[in-house]
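>>> dropping the sequence and predicted coords here.
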Amino acid sequence: MTGHITADQSGRRHRSAGAETKESPMNNSVPLETVSTGGCGCGHHDEALPELDVRTIPHAIRHGSVFGAFDSIAPGGAFVLVAPHNPLPLLSQLAERAPISLEYLTEGPEAWRLKISKLTAVS
């Protein structure tokens with residue numbers, strides 16, 4: 001499916017599916033192609049498990065960063081979390097979001113590396 005994203009004079013963006021738009025200084029058009037192959041749709045794929053090292057992320061937004069990474073992983077997928085301590089409270093919070101399995105790859109003292117897999121939900 002091909003369409004366009006346009007911006008009007010107020011800066012609001014509008015999407016049209018396959019509609020022709022006239023080019024003008026006040027109407028910027030960007031081609032948009034919809035791809036539904038799973039993932040983010042950018043066409044790139046990680047060869048290895050993605051790794052999120054949260055040791056450099058400020059504590060105030062650390063859990064939110066992990067939630068974002070976890071939510072982007074499809075059921076059956078996994079990522080490696082690198083943390084400055086054993087993240088037991090965070091793991092409990094992730095388990096409330098979706099079923100998980102854990103594999104400790106490294107257990108301190110300077111870093112904990114965990115493979116976190118999002119399991120498919122059981123009906």
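Cool, got the structure.
>>> show me the protein divided up by domain.
As recorded under automatic domain parsing, the domains making up the chain are 2-33, 51-118.
>>> for this structure, what spans make up the helices?
59-72, 88-97 (DSSP state H).
>>> now tabulate the ones you listed in JSON lines and tack on distance to Ala78.
Every residue, glycine included, has its C-beta placed from N, CA and C. As requested, the helices of the chain are arranged in JSON lines below (distance: least, CB to CB, whole Å):
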{"stretch": "helix 59-72", "distance to Ala78": "10"}
{"stretch": "helix 88-97", "distance to Ala78": "12"}
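>>> if we can go back for a sec, least reliable of the domains of the chain by average pLDDT, please.
Mean pLDDT is lowest for domain 2-33 out of the domains of the chain, coming in at a mean of 53.
>>> out of the helices of the chain, nearest to Asp53?
Between Asp53 and the helices of the chain, the tightest spacing by CB to CB is seen for helix 59-72, at 10.3 Å.
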